[in-house]
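>>> turn this into a model:
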Amino acid sequence: MKRIVITGMGAVTPIGIGVKSYWNNLIAGACGVRAITRFDTASLPVKVAAEVRDFVPEEHMPKRLARDAALFSQFAYAAAEEALAQSGLDCQAESYRIGITMGTAMSGIADTCDTQAEMSLSGKAKVSPRFVPKILGNIAAAQIAIEKQLNGPCMTVSTACSSGADAVKLANMLLQAGEADAVIAAGAESSLCPLVTSSLSMARALSHNPSESASKPFDAQRDGFVIGEGGGALILETEEHALARGAEILGVLLAVTNNTDGYHITSPAPDGHGAIDCMKRALEQAGLQPADIGYINAHGTATPMGDTIELNAIKRVFQGAVPYVSSTKGATGHMMGAGGITETIACLMACREGILPPTLHLTQPDPACEGIPVIANQSVQAPIRAAMSNAFGFGGQNTSVIVAAYNR
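Predicted coordinates:
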């Protein structure tokens with residue numbers, strides 16, 4: 001197999017825009033959960049979310065694109081722009097050898113909700129001709145391709161909350177197959193609207209805690225996740241290509257594996273068999289032993305059932321060599337399609353800097369935490385060789401990514 005390296009990163013998150021801001025706030029324990037501002041929550045039991053604040057799209061893209069793009073697409077573009085700038089890729093010179101993979105769970109559902117509400121209130125039957133292309137999931141990647149004049153493979157995946165991580169999986173497949181020399185792997189989400197909020201609340205997936213500490217992964221008092229949003233991007237290349245153009249290599253993608261529970265549309269398998277197999281195969285693909293992993297950024301959404309199943313699965317896989325574990329969703333909320341990318345970035349930064357981000361609001365650990373060094377509330381300094389990021393989604397989707405600092 002070809003060695004795949006990372007040469008660029010980009011992030012738009014509820015705790016910071018840009019990788020530097022995101023990472024510094026993450027390890028400092030900043031929290032992006034606040035009262036919802038996008039719509040009136042008076043009739044809803046959910047009052048908080050992790051919104052991206054102070055995002056000015058015109059600072060990251062042409063005004064025309066900012067006007068025409070849905071918010072999730074804006075997040076994706078801004079993250080990709082940052083990652084491309086860091087990578088130094090020459091998009092013009094290599095346009096047919098640079099691909100794009102995109103992961104999003106709900107695409108433009110918030111715009112769909114808003115447009116339908118406007119139609120119902122106004123009584124008008126006319127809708128902007130920009131509406132359909134605005135909400136399509138693939139348009140986020142297409143907009144990047146159009147603006148950067150890229151002509152390589154361009155593919156979008158939608159695997160619920162593992163979509164971003166599966167964009168990394170798809171990018172790796174394209175690179176291994178020789179379909180591209182470099183790939184922009186991006187993930188983005190902005191699904192905060194009354195329609196989605198009400199549905200997830202009725203499904204008992206969301207926290208009804210109105211405080212900023214509502215997202216509390218692994219805590220015995222957790223009552224569901226908090227909706228987050230944002231975007232993330234990684235530039236993945238074959239090592240040969242990166243070295244040939246003199247790129248600064250930030251890290252290496254050691255493994256990315258995917259499977260499905262084949263069990264239920266919303267609940268993970270109680271015995272965690274899918275998650276267990278996914279993590280085991282990631283270790284095998286990376287050529288690592290459990291003791292080689294120094295940190296796991298868990299899926300850890302703060303749902304009562306999901307957290308316990310994942311913790312037990314980690315213990316089954318790592319047994320006597322369980323590494324540090326945290327869920328950064330206490331800080332960012334559940335960023336859905338964007339989370340698989342931004343949490344992989346957190347893993348790579350942990351490898352590079354030897355600082356492991358905390359799980360916020362963890363005051364009363366769930367009994368399933370026993371035997372696991374879960375990082376609570378404050379970052380931990382620890383030099384690590386490699387880190388794993390888990391992303392699990394509705395439908396039984398499981399994806400595990402392993403990254404490490406680069407060592408030629």
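>>> please count neighbours and contacts with C-alpha atoms only from this point.
Noted.
>>> alpha carbons of the helix of greatest length in the chain, as CSV, please.
Scanning the chain for the longest helix, with DSSP state H as the assignment, gives helix 71-87. C-alpha atoms of helix 71-87 as CSV (Å, rounded to 0.1, in the frame of the first residue of the first chain):
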residue,chain,number,x,y,z
LEU,A,71,-24.2,27.5,5.2
PHE,A,72,-22.8,24.0,5.2
SER,A,73,-21.2,24.6,1.9
GLN,A,74,-19.7,27.9,3.2
PHE,A,75,-18.2,26.0,6.1
ALA,A,76,-16.7,23.3,3.7
TYR,A,77,-15.3,25.9,1.4
ALA,A,78,-13.6,27.9,4.2
ALA,A,79,-12.1,24.8,5.7
ALA,A,80,-10.8,23.7,2.3
GLU,A,81,-9.4,27.1,1.5
GLU,A,82,-7.4,27.0,4.7
ALA,A,83,-6.1,23.5,4.1
LEU,A,84,-5.1,24.2,0.5
ALA,A,85,-3.2,27.3,1.5
GLN,A,86,-1.3,25.4,4.1
SER,A,87,-0.5,22.6,1.7
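>>> what comes up buried for it?
Neighbour counts using 16 or more other Cα atoms under 10 Å place 71-84, 86-87 of helix 71-87 among the buried residues.
>>> helices along the stretch 101-250 of the chain, start to end?
Shown for the stretch 101-250 of the chain, the helices assigned by DSSP state H, counting those that start in this stretch span residues 109-122, 131-135, 139-148, 163-176, 194-202, 239-244.
>>> any idea which of the ones you listed is most buried?
Highest mean neighbour count of these: helix 163-176, a mean of 27 (counted as mean count of other Cα atoms under 10 Å).
>>> quick one: that helix to chain centroid distance?
13 Å (Cα atoms, centre = their mean, to the nearest Å).
>>> quick check: which helices or strands does that helix pack against?
strand 98-103, strand 154-157, strand 182-189, strand 230-238, strand 251-260, helix 339-353, strand 397-405 (3 or more Cα pairs under 8 Å, 6 or more residues apart in numbering; DSSP states H and E).
>>> of the ones you listed, which approaches T115 most closely?
Closest to T115 of these is strand 182-189 (Cα to Cα; 17.8 Å).
>>> angle of the closest one against helix 109-122?
40 degrees (axes from the mean of the first three to the mean of the last three Cα atoms, to 10 degrees).
>>> just the strands in the stretch 301-408 of the chain please.
324-326, 355-356, 380-381, 386-393, 397-405 (DSSP state E, counting those that start in this stretch).
>>> pLDDT of the second one, averaged?
Rounded to a whole number, the mean pLDDT of strand 355-356 is 98.
>>> name every strand pairing with it and say which way it goes.
strand 380-381 (antiparallel) (DSSP bridges).
>>> can you pull out the residues in contact with the strand it pairs with?
Contact with strand 380-381 is made by 354-358, as judged by Cα atoms under 8 Å, 6 or more residues apart in numbering.
>>> try it again with 6 Å
Applying Cα atoms under 6 Å, 6 or more residues apart in numbering, the set of residues contacting strand 380-381 from outside is 354-356.
>>> next: stretch 200-220.
33-34, 45-48, 222-226, 300-302, 330, 361-362, 364-366.
>>> ok, back up a step: report all helices and strands that the longest helix of the chain contacts.
Identification of packing neighbours for helix 71-87 by 3 or more Cα pairs under 6 Å, 6 or more residues apart in numbering; DSSP states H and E yields strand 4-13, strand 182-189, strand 230-238.
>>> so T332 touches R34, yeah?
No: at 10.5 Å, T332 does not count as touching R34 under the criterion of Cα atoms under 6 Å.
>>> more neighbours, the two?
Each of T332 and R34 had its neighbours counted (other Cα atoms under 10 Å), and the higher figure belongs to T332 (31 against 17).
>>> who are the neighbours in contact with that one?
By Cα under 6 Å, 6+ apart, T332 lies in contact with 14, 32.
>>> again with S327
297-298, 300, 359.
>>> how about L253?
4-5, 403.
>>> do that again at 8 Å, thanks
L253 is in contact with 3-6, 401-404, counting by Cα under 8 Å, 6+ apart.
>>> buried subset of the residues you listed?
4-6, 401-404.
>>> which residue is the nearest non-sequential neighbour of E51?
Setting aside the residues directly before and after it, E51 is nearest to P14 in space (Cα to Cα, 6 or more residues apart in numbering), at 5.4 Å.
>>> hang on, that neighbour packs against E229?
Yes: applying Cα atoms under 8 Å, one finds P14 in contact with E229, separated by 6.9 Å.
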